[in-house]
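Peer 1: Turn this into a structure:
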Amino acid sequence: MSENVFITPNKPGSRAVRRTAQLSSTPAATGTKSPSALHIPATPYLAKLGYGTGVNVYLYNRSPKAGRVMSPWAVKRVNKRHEKSEYADRLEKEAAILRTLNHPNIIGFRGFTKTVEDGPKNLVMEDGNQSLGDLIEMRKENVDLPFPAQNIEKVTSGVCSALDYLHTEKLIMHADIKSANILIKNDFETVKMCDFGVTVKVDKSGKQLPGEQYIGTDAWSPIEVILKEAVTTKADIFAFGLVIFETLALHSPHIDKLGGGEEPLDDSMSESFDDSFDDAAFQEALGTRPALPDTLDLDNSYKKVLEIFFGATIVEKPESRPSAKQILEILEREDTGDDSIMCVNIIDGDADDSMDQSSYMEESSCATIDISDSANESSVLICESPPAV
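Peer 2: Numbers count the residues shown, from 1 in each chain. As a prediction, the model looks like this:
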């Protein structure tokens, strides 16, 4: 969610009537309380948190009640011009799904209704604080270094715990996993998934049910979605693998394929800047694993993170990607605990062996992971170099 928060205060002396939205009692999932009525102020009295296609998201700071401090809520509201569109239908679908979910890593449902006088639809949820996407943008601007491995592992644990619940208990795919749909509280202490408007029903084997459509977002979609082939819950796994990529590269998948370089300093340069975008290269890259930046310098603490990233983003054989439960098992595996430097090198399968790697591998502990696909025959060599004496 955007950091650009605004509040429209009531003008001094204004006699404007404060319109509210009243939400009917709609029971949430077992274990959560749903009040008999919720009152949501009109848009001018809410702080804007962010926006999506056809909707805006607002923060509602509730007034204290009987001396108790009330936690804030997030209100997702359909834009007025989209009240009769598919985006309104998606919000209603999201509310119907969210009220059935009860998991610590999924945003909590609070209510759903229209405002009075046929106003816009409102989905009311617990406040998730900041999106991972926002944190990635801020980190890029401030330090331009990958997130610490422990923070990436916290995100992985939270998201994959939620995915295991969705895939095995609720039999649905999230179908739009990306950093913007992962919420972070209190320095990665709490991780929650949000935005369930395009979920896909699956059978017990994880296959998409007939009539269901995977929409998602192109840059995070796996090859089977791009090619309109059979889709399973492993599509969610691929998309999450690209979230890991975001936490390391600090930018969206494949955005580098668009070219364009730095934004223009003035309008006189804008035309040449627009012409430099290469949409064809971007489209061709969709569904593939993006290359990690050459500048990455990761220590051994990232070993599990990289193992999960490469496994989750296998292209040609979706069934070979780990399940959410298997990813959790990787995280729980006992760590070796050494402080050696880890080198990550991509080896092209058709390249000449001009560099003799045998001597390096004798001095280091190395493992090779096959990451070949139809476009590239290659593998990743992960080595733990002995620390300097």
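Peer 1: quick one: the strands in the stretch 151-300 of the chain?
Peer 2: 172-173, 182-185, 190-193, 200-201 (DSSP state E, counting those that start in this stretch).
Peer 1: Domain map for the chain?
Peer 2: When the chain is parsed with automatic domain parsing, its domains come out as 20-126, 137-335, 338-389.
Peer 1: hang on, the earlier thing: of the strands of the stretch 151-300 of the chain, flag the one that's most buried.
Peer 2: Ranked by mean neighbour count under mean count of other Cβ atoms under 10 Å, those are led by strand 172-173, which reaches a mean of 24. Every C-beta, even on glycine, is put in place using the N, C-alpha and C of the backbone.
Peer 1: Show the average pLDDT along it.
Peer 2: Averaged across strand 172-173, pLDDT comes to 98.
Peer 1: which strands and helices sit next to that strand?
Peer 2: strand 200-201 (3 or more Cβ pairs under 8 Å, 6 or more residues apart in numbering; DSSP states H and E).
Peer 1: contact partners of the strand it packs on?
Peer 2: 171, 172, 173, 175, 208, 209, 212, 213, 214, 231 (Cβ atoms under 8 Å, 6 or more residues apart in numbering).
Peer 1: go with 6 Å
Peer 2: The contact list for strand 200-201, computed with Cβ atoms under 6 Å, 6 or more residues apart in numbering, reads 172, 173, 175, 208, 209, 212, 214.
Peer 1: Parallel or antiparallel, which strands does it pair with?
Peer 2: Partners of strand 200-201 in the sheet, by DSSP bridges, are strand 172-173 (antiparallel).
Peer 1: Backbone dihedrals for residue 146, please?
Peer 2: When read as degrees, to the nearest 10, the backbone of residue 146 gives phi -60, psi 150.
Peer 1: Do I have it right that it meets residue 246?
Peer 2: No. Between residue 146 and residue 246 there is no contact under Cβ atoms under 6 Å: 10.0 Å.
Peer 1: For residue 190, name its beta-bridge partners.
Peer 2: Listed by DSSP bridges, the beta-bridge partners for residue 190 are residue 185.
Peer 1: So it versus residue 107, what's the distance?
Peer 2: Residue 190 sits 11 Å away from residue 107, taking Cβ to Cβ, to the nearest Å as the criterion.
Peer 1: Would you verify that residue 101 is located in a helix?
Peer 2: No. Looking at residue 101 with DSSP: H, G, I helix; E, B strand; the rest coil, it is coil, so not inside a helix.
Peer 1: Which one of residue 146 and residue 246 is surrounded by more residues?
Peer 2: Neighbours per residue, other Cβ atoms under 10 Å: of residue 146 and residue 246, the larger number sits with residue 246, 26 against 21.
Peer 1: my read: that one touches residue 179, true?
Peer 2: Yes. The criterion here is Cβ under 6 Å, and residue 246 meets it with residue 179 at 4.9 Å.
Peer 1: Can you work out which residues contact both of these two?
Peer 2: Contact criterion Cβ under 6 Å, 6+ apart; residues shared by residue 246 and residue 179: residue 136.
Peer 1: Can you turn the buried part of the contacts of strand 200-201 into a PyMOL selection?
Peer 2: The PyMOL command for the buried members of the contacts of strand 200-201 (criterion: 16 or more other Cβ atoms under 10 Å) is given here:
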select buried, resi 172+173+175+208+214
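Peer 1: Distance to residue 120 added to the contacts of strand 200-201, as CSV?
Peer 2: Output for those, formatted as CSV (distance: Cβ to Cβ, whole Å):
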residue, distance to residue 120
172, 26
173, 28
175, 24
208, 31
209, 31
212, 27
214, 27
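Peer 1: Relative to residue 160, which of the contacts of strand 200-201 is nearest.
Peer 2: Of all these, residue 173 has the smallest distance to residue 160: 13.7 Å, by Cβ to Cβ.
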